[in-house]
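Undergrad: take this sequence and fold it.
(chains A and B)
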Amino acid sequence: MASLDDLKKRIASVKSTQKITKAMKMVAAAKLRKAQENAENGRPYSEKMKNVILNLSNGISDKENAPKLLSGTGNNKVHLCVVMTSDRGLCGGFNSNIIKKAKSFFSKILSEGKELKIITVGSKGNDQLKRIYGDKIIENISFKESKNVNYFDAEKVSKIVIDKFEKSEFDICTIFYNQFKNVITQIPQAQQIVPLNNEDSEQKSLEESYEFEPDEDEILSNLLPKNISTQIFKAMLENSASEQGSRMSAMDNATRNAGEMVDKLTIQYNRSRQAAITKELIEIISGAESL
Amino acid sequence: MSEELKIEIVNPEKSFLVKEDVLEIVVPAFEGEMGILKDHIPIISFLKPGIIKIFSKSGDESYYVEDGIVEFKNNNLSILTSKIFNLVDLNKSKLEDLLKKAEEEANQTEISDQFKYLADQKVQVLRSIN
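TA: Numbering: from 1, shown residues only, chains lettered A, B, ... in the order given. I've put the predicted structure just below:
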């Protein structure tokens, strides 16, 4: 059994850990509010962008010659996966959820005999993936130095993706990120961004026809790269909100667990203190009796 | 009948500007400047670097944009852009920064014609503000 002194030290250390996790929770909560706000503010842009593209792709005259970013290369041999994770740990299942989702996707692709290329965004994802898929990772991007999610970073990522597409290094591109639902729920998402798939395009086709200047194809070929940046930016915003939310609930749990541990240790400490007192008393009494 | 239309400018981070009492908007569309009044037919176009001028009842405003898409429908004009500055906020040092960047872009050798054209355009517009 641990001595009284050990127990005392143990309690103190758990208590200070609790203090840290509590502080981290507070910080995450503050950051979460901001990240959530950012994610909400960013929504109109991506939504409008989506609408414009929908209208454009409905109005496109010649489907055969549509820009490759929209219609795809016609193949589906080489997959590029952009896995977006955080740069910091201690955020619960946030990173592992994305990785899990990505890994199951990877093994599906590989079992179909297709080629796989990976770009990791954020160092945590890279750490976890390089053990198994090290040879598949072609690029690792990290935005440790930028404090907030900004569009400039998203553009950097999308530029890499578009460059690779133009060199026909891949046919299909999918991004992995966590969608922020609420503080305790984040849903890992796999979203295909190249070629663009419009699942809900039918219902919107009723809308009036637009005048295009210059013609549809040219606008589309200008717009699609921008759309990729927008999608990536959206994913980054969702991701940062999810990260903070996940960290907040993880730290909340940690704080609670530390509290329980302190209680348990305190009981143990009190018991052994009492036991020591009783033992001393017994010794004294039996000593007196033997006289 | 009122002569007003609504404008909304959004950039990736947030909704940049919403105005409801606009009379006329001049945007630097790709094929030349384009003025939009109420009841214009629906149009989609994209922007080259230039100045957006907004004439409204509550005063006129000008913005410098580097790129963007404009969509007009039902007297709603939406402009999506990643880089936009209000000319009022654009002081000298900021302007010089932008100009320097644009000049650097324009002086690159290994760029496509279209990119070069856009970069030149930026330089030109920024110089004209000065």
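
Undergrad: contacting residues for the closest residue to chain A within chain B?
TA: Of all residues in chain B, the one sitting closest to chain A is residue B:14 (3.8 Å; Cβ to the nearest Cβ). (C-beta placed from N, C-alpha, C; glycine too.) The contact partners of residue B:14, by Cβ atoms under 8 Å, 6 or more residues apart in numbering or on different chains, come to A:38, A:41-42.

Undergrad: return the residues of chain B in contact with chain A.
TA: B:8, B:10-15, B:29-31, B:34, B:41-46, B:67, B:69, B:71, B:73, B:78, B:80, B:82 (Cβ under 8 Å from any Cβ of the partner chain).

Undergrad: which members of these occur in strands, if any?
TA: Under the assignment DSSP state E, the residues of chain B next to chain A contribute B:8, B:10, B:15, B:29, B:34, B:43-46, B:69, B:71, B:73, B:78, B:80 to strands.

Undergrad: assess the claim that residue A:173 and residue A:191 are in contact.
TA: No - with contacts counted by Cβ atoms under 8 Å, residue A:173 stays clear of residue A:191, the gap being 9.6 Å.

Undergrad: the more surrounded of those two?
TA: Between residue A:173 and residue A:191, residue A:173 has the larger neighbour count (other Cβ atoms under 10 Å in any protein chain shown), namely 24 against 16.

Undergrad: ok but the more buried one is inside a strand, no?
TA: Yes - counting by DSSP: H, G, I helix; E, B strand; the rest coil, residue A:173 is part of a strand.

Undergrad: rewinding a little: kindly give a single ChimeraX line that selects the buried subset of the contacts of residue B:14.
TA: Command for ChimeraX that selects the buried part of the contacts of residue B:14, burial taken from 16 or more other Cβ atoms under 10 Å in any protein chain shown:
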select /A:38,41,42
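
Undergrad: which ones among the contacts of residue B:14 also lie next to chain B?
TA: A:38, A:41-42.

Undergrad: and of those residues, the nearest to chain B?
TA: Closest to chain B out of those is residue A:41 (3.8 Å), distances taken as Cβ to the nearest Cβ.

Undergrad: and the closest one, what element?
TA: helix A:4-59 (DSSP states H and E).

Undergrad: mean confidence for that helix?
TA: Across helix A:4-59, pLDDT averages out at 89.

Undergrad: now do stretch B:4-18
TA: The average pLDDT for stretch B:4-18 rounds to 87.

Undergrad: between the two ends of that stretch, how far is it?
TA: Taking Cα to Cα, to the nearest Å, stretch B:4-18 runs 13 Å from one end to the other.

Undergrad: that older thread, which of the ones in strands among the residues of chain B next to chain A has the most neighbours?
TA: residue B:80 (27 neighbours).

Undergrad: the top helix by length along chain A vs strand B:43-47, what angle?
TA: Counting residues, the longest helix found in chain A (DSSP state H) is helix A:216-289. Computed with axes from the mean of the first three to the mean of the last three Cα atoms, to 10 degrees, the direction of helix A:216-289 lies at 70 degrees from that of strand B:43-47.

Undergrad: anything in helix A:216-289 near chain B?
TA: Yes - applying Cβ under 8 Å from any Cβ, one finds helix A:216-289 touching chain B at A:219, A:222-223, A:226, A:229-230, A:233.

Undergrad: any idea how far that helix is from the chain center?
TA: 18 Å (Cα atoms, centre = their mean, to the nearest Å).

Undergrad: what helices or strands is the one helix or strand in chain A whose mean pLDDT sits lowest leaning on?
TA: Ranked by mean pLDDT, DSSP states H and E, the weakest helix or strand in chain A is helix A:68-71, scoring a mean of 76. If contacts are counted by 3 or more Cβ pairs under 8 Å, 6 or more residues apart in numbering or on different chains; DSSP states H and E, helix A:68-71 sits against helix A:151-166, helix A:216-289.

Undergrad: could those helices go into CSV alongside mean pLDDT and distance to residue A:185?
TA: CSV is the format used below for those (pLDDT from 0 to 100; distance: least, Cβ to Cβ, whole Å):
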stretch, mean pLDDT, distance to residue A:185
helix A:151-166, 88, 24
helix A:216-289, 92, 8
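
Undergrad: any chance of these in JSON lines, plus mean neighbour count?
TA: Listed next are the helices and strands packed on helix A:68-71 as JSON lines, based on neighbours: other Cβ atoms under 10 Å in any protein chain shown:
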{"stretch": "helix A:151-166", "mean neighbour count": "18"}
{"stretch": "helix A:216-289", "mean neighbour count": "18"}
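
Undergrad: right, so of those helices, which gets closest to residue B:126?
TA: Proximity to residue B:126 (Cβ to Cβ) singles out helix A:151-166 among these, at 19.2 Å.

Undergrad: and that closest one, how far out from the chain middle?
TA: That offset, for helix A:151-166, works out to 19 Å (Cα atoms, centre = their mean).

Undergrad: what angle separates that helix from helix A:216-289?
TA: Using the same axes, to 10 degrees: helix A:151-166 against helix A:216-289 is 120 degrees.

Undergrad: run through who's touching helix A:151-166.
TA: Under Cβ under 8 Å, 6+ apart, the answer for helix A:151-166 is A:68-69, A:80, A:82, A:119, A:121, A:139, A:141, A:143, A:146, A:170, A:173, A:193-194, A:225, A:228-230, A:232-233, A:236, B:11-13, B:82.

Undergrad: cool, and stretch A:40-58?
TA: A:66, A:70, A:196, A:198, A:201, A:204-205, A:207, A:210, A:212, A:216, A:219-220, A:223-224, A:226-227, A:230-231, A:233-234, A:237, B:8, B:10-15, B:44, B:69, B:71, B:78, B:80.

Undergrad: try stretch A:112-132
TA: Against stretch A:112-132 from outside (Cβ under 8 Å, 6+ apart): A:76-89, A:95-96, A:98-99, A:102-103, A:106, A:109-110, A:133, A:136-144, A:157, A:160-161, A:169-170, A:236.

Undergrad: still on that earlier bit, next SSE after the least confident helix or strand of chain A?
TA: strand A:78-84.

Undergrad: ok so, going back, closest to residue A:2 out of the residues of helix A:216-289 next to chain B?
TA: Nearest member of the residues of helix A:216-289 next to chain B to residue A:2, counting by Cβ to Cβ, is residue A:233, at 53.0 Å.
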